[in-house]
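[1] Fold the following and give me the result.
(chains A and B)
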Amino acid sequence: MILGQPAHQFIMAVLWAAIRAGTPLLFGTLGEIYAERSGVLNLGVEGMMIMGAVTGFGVTLATGNIWLGVALAALAGGLLALVHALLSVTLRANQVVSGLALTMFGLGMSGLLGKRYVGTPLPCRLRAAPIPMLEDIPFLGPILFQHDPLVYLSLFLVPLLWFVLSKTKAGISIRSVGEAPATADALGVNVFLVRYLCVFLGGLLAGLGGAYLSVVYAPAWIEGMTAGAGWIVIALTIFAMWSPTRALLGACLFGGVKVLQYRLQPPPPEGLGISPNLLAMLPFIFTIIVLLAGTGEVIRKRIGAPSALGIPYAREEK
Amino acid sequence: MRVRVEKRSTLSRWMTISAPILSLALALLVIALVFWGYGISPLLAYKRIFMGAFGSPYGLSETMVKATPLMICGVGLALAFKALVWNIGAEGQLLMGAVAATWVALYLLPDAPAAVLLPCMFMAGFLGGAIWGLIPGILKAKLRANEVITSLMMVYIASELVNYLVYGPWKGPGEWGFPYTTKFPPSAQLPRLLGTRIHYPTLILALLLAVLVYVLVMRTKLGYEIRVTGENPEAARYAGMSYFKTVVLVMLISGGLAGLAGVGEVAGIHHRLRYPQGISPGYGFTAIIVAWLGRLNPLAVILTSLLFGGLLVGGDAIQVALGLPVATINLFNGVILFFVLGGELLTRYKIALERRRED
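    Reported below is the predicted structural model:
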């Protein structure tokens, strides 16, 4: 028995909820991995996510169409990412400051746009769509295959984005631009185009992650509702060592921490009765630990961050 | 035809001064468009902001009140950013300064006279902020952990710690259930300028610190090392400068200064510890722009902090009058930062249109 539930039931419930809670993080991390692999550090994930969240909520509320909401949310994230691309790739601005500006802008703009949605419920829900046959697998079935379609999409993106990055010509271009842009340029790769596309993809996925929060997970619009998720994504990208498959592990870990936070809060026997404020620190303390673990492993295994990460590429300055 | 970005061969003084002003003007223009799209007359909004901040003695005094923590935090961040150390966590460092000062005022020396208590509160506040800055500093210098993330995570942790304290063990019994501590004893309250909320000892401290840090950066060996580390870390290492020392020191100082700002807020304004947003509406984050717009020059930070102090006061005025959400200030911050960043590049680079040669 764990906290008043049979052990296997408790573990299954926590893992199921961890995958769901980790989904926005997974979308965001997959996107940031692509941006960083191409050599662009985008610290604006929080801003892109929250713009996705407000756009997704607003469009879904106005049209009643969740899929349109989610698509436009992704686009909103992507458009914001293009501003970062313009500043950091074309104008060669400081990527740290540009990313911060993106986050501030997103938080402010979403607050302004979303004011009228505060306290409004969504008329429609994205329902869980259990996958026949697979959901009957003992233990794993209920954990993995009883989710909503967006969770499946995020899980499907993991092998897809891994495959593209490590097994295709496009992936080679992306990695070469992130490691040695001058060489890639000499070999005929359009460094600027590749970087723009990767940053845009990062924005699309961050927007999608934000929409998952407001349209599916919550579902509600709350000002500042990403509450640091975008920053956790950046730590997860390092923890994942820029690999899509490890991103899945990281996102689930964080989802798990978030779920435990709610599970431990009520007084015994349902929880442990720990102060909600102290429990709310957990994900952030865990982020630092995960970042240290990731950084340590990166150094130990000599897996470098993309060599050109954060360095603008200038063609004439050779 | 294609667009090229080229490095300018000369840096004109006129450009260095006019670029930030021009950027600011363009940013305000873009925000005006947002207001307009939102159905608010931009002219009215700006008039309200300006009048709210500078149009009355009360507005002016409030501008000074809000400029004080921005100035102290901004000066510290300018120092850190000079060394290319991205301390994004001033907000948390400010809160920890407030926590440390509250502990001294309510639990350590509640009966001490003001002449002892207030200096002790400032010292404790500096320490509180410095420790909160040191943690990411050491993690960066020793373990190469990205300080942007760690310092920011420390903000969330500090904020939850303050919540925990004011909802839990430090909650004042006589506060009707509000998340406040009990009120500080009079000896722990900073004097104010007559009829205003300007706690002038903190303001004087802020101005002094700006000058001190300017001298530190421009005239001392340590300042030289900080500048070299920021401009060319390889050269700094080659010249035998300790990267560890520089990173840890700038994080310690910038954290400590933010902590001092936190002391000013609790000892000068609130006279108690409150929930985090009650103590600071994001001073630590706005200070990032204050430092950047001041081009990391501590003396220029004095001016930019007054400007953003005014923006905060004016922002409050339009929030109330026009029913805008609290987050609107972030919109200002973000757009201004975009344009300042872009404008700065235009001083260093020029955009040239060139015809591709037909060959």
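
[2] Which residue is the nearest non-sequential neighbour of the residue in the stretch 151-300 of chain B that chain A sits nearest to?
    Nearest residue of the stretch 151-300 of chain B to chain A: B:Y164, at 3.8 Å (CB to the nearest CB). For every residue, glycine as well, the C-beta is placed using N, CA and C. Among residues not flanking B:Y164 along the chain, A:N277 sits closest, at 3.8 Å (CB to CB, 6 or more residues apart in numbering or on different chains).

[3] Does the one you found touch B:P169 like I think?
    No: assessed by CB atoms under 8 Å, A:N277 is found out of contact with B:P169, at 11.0 Å.

[4] okay, those two: which has more neighbours?
    The residue with more neighbours, out of A:N277 and B:P169, is A:N277; 17 against 9, by other CB atoms under 10 Å in any protein chain shown.

[5] where does that one fall, helix, sheet strand or coil?
    helix (DSSP: H, G, I helix; E, B strand; the rest coil).

[6] Could you report the distance from it to A:P267?
    15 Å (CB to CB, to the nearest Å).

[7] same question, A:L153
    Using CB to CB, one obtains 38 Å as the distance from A:L153 to A:P267.

[8] One more: B:S280?
    Plainly put, B:S280 is 32 Å away from A:P267 if you go by CB to CB.

[9] Neighbour count for the two, which is higher?
    A direct count of neighbours by other CB under 10 Å for B:S280 and A:P267 places B:S280 higher, at 25 against 9.

[10] The more buried one is in contact with B:G92, isn't it?
    No: the criterion here is CB under 8 Å, and B:S280 misses it with B:G92 at 9.8 Å.

[11] isn't A:D148 right up against A:R127?
    Yes: in terms of CB under 8 Å, A:D148 counts as a neighbour of A:R127; the distance is 6.6 Å.

[12] The two: who's more crowded?
    Taking neighbours as other CB under 10 Å, A:D148 and A:R127 compare with A:D148 leading, 19 against 10.

[13] got a list of what the more buried one touches?
    A:L126, A:R127, A:A128, A:A129, A:V216 (CB atoms under 8 Å, 6 or more residues apart in numbering or on different chains).

[14] I'd like to know how far the closest residue to chain B within the stretch 201-318 of chain A sits from B:Y156.
    Proximity of the stretch 201-318 of chain A to chain B (CB to the nearest CB) peaks at A:N277, 3.8 Å away. With distances taken as CB to CB, A:N277 is found 11 Å from B:Y156.

[15] Is chain B within reach of stretch A:29-39?
    No: Stretch A:29-39 is not in contact with chain B by CB under 8 Å from any CB of the partner chain; minimum separation 11.6 Å.

[16] got the buried residues for that stretch?
    Residues A:T29, A:L30, A:G31, A:E32, A:I33, A:Y34, A:A35, A:E36, A:R37, A:S38, A:G39 are the ones in stretch A:29-39 that count as buried (16 or more other CB atoms under 10 Å in any protein chain shown).

[17] Now find how far off-centre it is within its chain.
    11 Å (CA atoms, centre = their mean, to the nearest Å).

[18] Leaving out the residues flanking it, which one is nearest to B:G255?
    B:G133 (1.9 Å).

[19] who touches the one you found in this structure?
    Contacts of B:G133 (CB under 8 Å, 6+ apart): B:N87, B:G89, B:Q93, B:S151, B:M251, B:L252, B:I253, B:S254, B:G255, B:G256, B:A258.

[20] could I get the residues you listed as JSON lines with secondary structure, neighbour count and pLDDT?
    Below are those laid out as JSON lines (DSSP: H, G, I helix; E, B strand; the rest coil; neighbours: other CB atoms under 10 Å in any protein chain shown; pLDDT from 0 to 100):
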{"residue": "B:N87", "secondary structure": "coil", "neighbour count": "33", "pLDDT": "95"}
{"residue": "B:G89", "secondary structure": "coil", "neighbour count": "34", "pLDDT": "94"}
{"residue": "B:Q93", "secondary structure": "helix", "neighbour count": "38", "pLDDT": "98"}
{"residue": "B:S151", "secondary structure": "helix", "neighbour count": "31", "pLDDT": "93"}
{"residue": "B:M251", "secondary structure": "helix", "neighbour count": "31", "pLDDT": "97"}
{"residue": "B:L252", "secondary structure": "helix", "neighbour count": "21", "pLDDT": "97"}
{"residue": "B:I253", "secondary structure": "helix", "neighbour count": "25", "pLDDT": "97"}
{"residue": "B:S254", "secondary structure": "helix", "neighbour count": "33", "pLDDT": "97"}
{"residue": "B:G255", "secondary structure": "helix", "neighbour count": "34", "pLDDT": "98"}
{"residue": "B:G256", "secondary structure": "helix", "neighbour count": "24", "pLDDT": "98"}
{"residue": "B:A258", "secondary structure": "helix", "neighbour count": "37", "pLDDT": "98"}
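
[21] tell me which element A:L248 is part of?
    With secondary structure defined by DSSP states H and E, A:L248 is part of helix A:244-264.

[22] Tell me, how many residues neighbour residue 218?
    Using chain A. Other residues close to A:A218 by other CB under 10 Å number 14.

[23] let's do chain B instead
    13.

[24] separation between it and B:A287?
    From B:M218 to B:A287 the distance is 21 Å (CB to CB).

[25] again, but for A:F284
    A:F284 is 21 Å from B:A287, by CB to CB.

[26] which of these two has more neighbours?
    Counted by other CB under 10 Å, A:F284 and B:A287 do not tie: B:A287 has more neighbours, with 32 against 26.

[27] for chain B, what spans make up the helices?
    Listed in chain order, the helices of chain B (DSSP state H) span B:13-37, B:42-54, B:57-82, B:90-103, B:114-143, B:147-167, B:200-219, B:221-231, B:233-238, B:243-264, B:276-279, B:283-293, B:298-322, B:328-348.

[28] re the thing from before, top of the contacts of A:D148 by number of neighbours, please.
    Going by other CB under 10 Å, A:V216 tops the contacts of A:D148 with 24 neighbours.

[29] what does the average pLDDT come to for stretch A:152-169?
    For stretch A:152-169, mean pLDDT is 94.

[30] Show me which residues of the stretch 151-300 of chain B are close to chain A?
    Residues of the stretch 151-300 of chain B lying near chain A (CB under 8 Å from any CB): B:152-154, B:156-157, B:160-161, B:163-164, B:167-168, B:285, B:288-289, B:292.

[31] what's near enough to touch A:P138?
    Neighbours of A:P138 in contact, by CB under 8 Å, 6+ apart: none.

[32] Am I right that it sits in a helix?
    No: A:P138 is assigned coil when assessed by three-state DSSP, not a helix.

[33] That one and B:I157: what is the separation?
    40 Å.

[34] check whether stretch B:34-51 contacts chain A.
    Yes: counting by CB under 8 Å from any CB, chain A is contacted by stretch B:34-51 at B:V34, B:Y38.

[35] Other residues contacting that stretch?
    A:109, A:112, B:28, B:31-33, B:59, B:310-311, B:314-315, B:317-318, B:321-322, B:324, B:331, B:335.

[36] Over to stretch B:324-335?
    A:47, A:101-112, A:114-115, A:223-224, B:27, B:30-31, B:34, B:40, B:281-282, B:285-286, B:289, B:311-312, B:315, B:318-319.
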